[in-house]
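**Student:** need a structure here:
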Amino acid sequence: MKRAWREATAGVLLLGVSAAHADPAPAAVEKEILGLTQQLMDALVPGKADVWQRLLADDALITDEFGRRQGKKEAVDGVRGLPPGFSGNIELRDPHVHVYGDTAVIECEWYETESVFEQKLRVRYIGTTTFVRRDGHWRVVAMSDVTLPTPPPPLEVRQLPLQDYPGTYRYGPDRAWSVAVESGKLVYRTKAGRAPVGLDPVATDVFMGADDEKNLILFRRDAAGKITEIIERRKFNDLHLRRE
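**Tutor:** Numbers count the residues shown, from 1 in each chain. Have a look, this model is predicted:
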């Protein structure tokens, strides 16, 4: 769903409220903040831009999970609703609301379910929204969210040449991966004795790490077809590990 309204789902930048003492929100305030945040999420699918226009402060700062920054006008203009064939919703889970004087901060999971022409997708985010009370009303002054890496559906890769990959791949002094096949699955260790990290196949010579970061792991071959290195594609950068 976020792909369909990325311009609208502006994530949240926490303001510098740490100087004030945080108190748990009174029940009435917590209920109100939860309700307002849910209104913002519920407005995205039908494209109710008026909700965002009403709840965002004029000087609101928005940062989404891709690092794109917006002001109020850009955020409101981006609330256009989902196109035909798309449907979904965002549920707030495990909310935590704290108040800092006239400022309230809600941190929670945004659990998104989406149907794209009957294909079911699930995406989890951690979102933080900062409200400030102005003229007796809570207004959003900042939003940000990050995508939680979650295990993707497994892919069957036929005739995967697991025997080609085991070995030692080094990227610095005393820094190397030991790749092995264990119980029919490719794994690596960063040091002897450490727990193995699984490598989930995506395609021939392409894997995804089973750790929290879910980086792409690419085995590169030379002209003769021999594996010569690993590329760990992490945070839009490539770390090269040369095979010994």
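
**Student:** for the protein, what spans make up the helices?
**Tutor:** Secondary structure of the chain by DSSP state H: the helices cover 27-44, 49-55, 72-77.

**Student:** contacting residues around the longest one?
**Tutor:** Read it as helix 27-44. Here helix 27-44 makes contact (CB atoms under 8 Å, 6 or more residues apart in numbering) with 1, 5, 8-9, 25, 48-52, 55, 79, 81-82, 89-90, 92, 95, 97, 99, 104, 106, 108, 110, 129, 131, 138, 140. For glycine as for every other residue, the C-beta is placed from the backbone atoms N, C-alpha and C.

**Student:** Average pLDDT for it, rounded please.
**Tutor:** For helix 27-44, mean pLDDT is 97.

**Student:** Could I get the CA-only coordinates of stretch 44-54 as PDB?
**Tutor:** Only the C-alpha atoms of stretch 44-54 are listed here, as PDB (Å, rounded to 0.1, in the frame of the first residue of the first chain):
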ATOM      1  CA  LEU A  44      -4.900   7.200   3.300                       C
ATOM      2  CA  VAL A  45      -6.800   4.400   1.500                       C
ATOM      3  CA  PRO A  46      -9.900   6.500   0.500                       C
ATOM      4  CA  GLY A  47      -7.700   9.600  -0.100                       C
ATOM      5  CA  LYS A  48      -9.300  11.800   2.500                       C
ATOM      6  CA  ALA A  49      -6.800  14.700   2.300                       C
ATOM      7  CA  ASP A  50      -9.000  16.900   4.400                       C
ATOM      8  CA  VAL A  51      -8.100  14.700   7.500                       C
ATOM      9  CA  TRP A  52      -4.400  15.400   7.000                       C
ATOM     10  CA  GLN A  53      -5.100  19.100   6.200                       C
ATOM     11  CA  ARG A  54      -6.900  19.300   9.600                       C
END
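
**Student:** can you pull the buried residues of it?
**Tutor:** For stretch 44-54, burial by neighbour count (16 or more other CB atoms under 10 Å) applies to 44-45, 48-49, 51-52.

**Student:** And stretch 55-68, by the same measure?
**Tutor:** Neighbour-count burial for stretch 55-68 [16+ other CB under 10 Å]: 55-57, 60-65.

**Student:** before we move on, back to that, the helices of the chain: which one's closest to Q119?
**Tutor:** Set against Q119 and scored by CB to CB, the helices of the chain come closest in helix 27-44, at 19.1 Å.

**Student:** How far away from the center of its chain is the closest one?
**Tutor:** In terms of CA atoms, centre = their mean, to the nearest Å, the centre of helix 27-44 is set 21 Å apart from its chain centre.

**Student:** Check stretch 227-242 too.
**Tutor:** 22 Å.

**Student:** for it, what is the average pLDDT?
**Tutor:** On average, stretch 227-242 scores 97.

**Student:** Straight-line length of that stretch, end to end?
**Tutor:** 10 Å (CA to CA, to the nearest Å).

**Student:** roughly how far apart are V51 and A104?
**Tutor:** 18 Å (CB to CB, to the nearest Å).

**Student:** care to break the chain down by domain?
**Tutor:** Structurally, the chain divides into domains by automatic domain parsing as follows: 23-147, 162-243.

**Student:** any weak-confidence spans in the chain?
**Tutor:** 1-21 (pLDDT under 70).
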